[in-house]
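**Q** Sequence first, predicted model second:
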Amino acid sequence: MNNGSNRGGGSGRGNSGGARKKSAGPSKPMNKARKPKPVAKPEEGDASKAPKKAGFIKGKGPVDRKPAAPKPAAKKTNPDDIRLNKYISNSGMCSRRDADIYIQSGNVKVNGQVVTEMGRIVKLTDEVDFDGVRITPEKKEYILLNKPKNFTTSGDEDMDMRNVMELVRAATKAKIQPIGRMDKNTTGLLIFTNDTDMVRKFSLPNQKSFKIYQVSLDKNLKYEDLEKIAAGVTLDGHRLFIDEISYIEGEAKTEIGLKLRTQNVKVVRAIFESFKYDVLKVDRVSFAGLTKKNLPRGNWRFLTDQEVINLKNV
């Protein structure tokens, strides 16, 4: 009796030559994926059976770190101490970067000694010479005021009149002064600055810059008098050239526009008084290209950098 399995007439297990039984269909995969079993919801109050959230790793306990060293207290600076390049920059000579170049080149002296050290600290009381010129550390300020009536530029007039410095006192702590003088009845543009060179420049009799005034007279200006003024006026033995004079369009002939190079308001009044006209009001509406645009009466503003450059180049 043959105990070996010989299906289909073939030999037993040891007979390699026998034919194997063909599968009736495609074989099922051995590693068949099993459906995941539903996770039982934990009962209320049983936190140990709650499912863990994916994507989070339980952190380690608190790490013992050394306490941060306290920051050193900031050193108190002396308000009278200032870096040399800033001292030079505040004086208006040049920028800080350019000041460093002058310092390295040996063109700066402090209290008579040449200084080439970068970052040098000086005091406001020190004497600093920049390229042979004694300078001050005060930053140059330039302020334009639209002056109202009843304010003067000096304290020599009526005691009930107020000084124009009251109007610009909040603008700066610098020691500014007005360029030129204005009496209580004169209104319009007035420049304040601590730039003594600019004050001196606009105080010279021979001016290159134009000033425009609107003058109000007590009576109509005769046309023949207007022509005479336009031809030039002699005041106190000096011939004054008039750049332009005209009636103001749309106004009565008592309103006159006058264009001069001088910033002396007294001259404006003297011109019309020499022709027997009383001047009721003088309003300076333009000063060296500056106007009253967006500057109401009694208000002030700082000049822009470009406006300062224009004034220096006049």
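**A** That came through, no problem. Just so it is clear, the structure is predicted and the values come from calculations on it, not from any experiment. Numbers count the residues shown, from 1 in each chain.
**Q** Between its first and last residues, what's the separation in stretch 127-145?
**A** 33 Å (CA to CA, to the nearest Å).
**Q** low-confidence ranges in the stretch 51-200 of the chain?
**A** Scanning the stretch 51-200 of the chain for pLDDT under 70 picks out the ranges 51-77, 79, 155-160.
**Q** Tell me where it has strands.
**A** In the stretch 51-200 of the chain, strands defined by DSSP state E, counting those that start in this stretch lie at 81-83, 108-110, 113-114, 121-123, 128-130, 133-135, 142-147, 151-152, 162-163, 177-178, 186-193, listed in chain order.
**Q** I'd like those laid out as JSON lines, including mean neighbour count and distance to residue 222.
**A** Placement of C-beta: from N, CA and C, glycine included. Formatted as JSON lines, those follow (neighbours: other CB atoms under 10 Å; distance: least, CB to CB, whole Å):
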{"stretch": "strand 81-83", "mean neighbour count": "15", "distance to residue 222": "62"}
{"stretch": "strand 108-110", "mean neighbour count": "20", "distance to residue 222": "62"}
{"stretch": "strand 113-114", "mean neighbour count": "10", "distance to residue 222": "68"}
{"stretch": "strand 121-123", "mean neighbour count": "16", "distance to residue 222": "64"}
{"stretch": "strand 128-130", "mean neighbour count": "19", "distance to residue 222": "57"}
{"stretch": "strand 133-135", "mean neighbour count": "12", "distance to residue 222": "53"}
{"stretch": "strand 142-147", "mean neighbour count": "22", "distance to residue 222": "30"}
{"stretch": "strand 151-152", "mean neighbour count": "20", "distance to residue 222": "32"}
{"stretch": "strand 162-163", "mean neighbour count": "14", "distance to residue 222": "37"}
{"stretch": "strand 177-178", "mean neighbour count": "17", "distance to residue 222": "35"}
{"stretch": "strand 186-193", "mean neighbour count": "24", "distance to residue 222": "24"}
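**Q** got TSV for these, with distance to residue 307 too?
**A** Supplementary listing: the strands of the stretch 51-200 of the chain in TSV, determined by distance: least, CB to CB, whole Å:
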stretch	distance to residue 307
strand 81-83	27
strand 108-110	29
strand 113-114	36
strand 121-123	31
strand 128-130	25
strand 133-135	23
strand 142-147	8
strand 151-152	23
strand 162-163	25
strand 177-178	17
strand 186-193	10
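**Q** For residue 214, which of these is the nearest?
**A** Smallest distance to residue 214 across the strands of the stretch 51-200 of the chain (CB to CB): 8.0 Å, for strand 186-193.
**Q** tell me the contacts of residue 258?
**A** The contact partners of residue 258, taken as CB atoms under 8 Å, 6 or more residues apart in numbering, are 212-215, 242, 244-245, 268, 271.
**Q** would you list every one of the helices in the stretch 151-300 of the chain?
**A** Here the stretch 151-300 of the chain has its helices, by DSSP state H, counting those that start in this stretch, at 165-168, 196-201, 223-230, 265-273.
**Q** What about the contacts of residue 258, which are in strands?
**A** Those of the contacts of residue 258 mapping onto strands are 212-215, 244-245, per DSSP state E.
**Q** Highest neighbour count among the residues you listed?
**A** In terms of neighbours by other CB atoms under 10 Å, these top out with residue 213 at 24 neighbours.
**Q** for it, what are its contacts?
**A** Neighbours of residue 213 in contact, by CB under 8 Å, 6+ apart: 188, 257-260, 265, 268, 282-285.
**Q** least trustworthy position among the residues you listed, going by pLDDT?
**A** Lowest pLDDT within those is found at residue 265 (89).
**Q** ok, it to residue 230 distance?
**A** 20 Å (CB to CB, to the nearest Å).
**Q** Between these two, which has more neighbouring residues?
**A** Counted by other CB under 10 Å, residue 265 and residue 230 do not tie: residue 265 has more neighbours, with 22 against 14.
**Q** Bridged to the residue nearest to the more buried one when sequence neighbours are not counted, which residues?
**A** Excluding its sequence neighbours, the residue lying closest to residue 265 (CB to CB, 6 or more residues apart in numbering) is residue 186, at 5.0 Å. With DSSP bridges as the criterion, residue 186 is bridged to residue 282.
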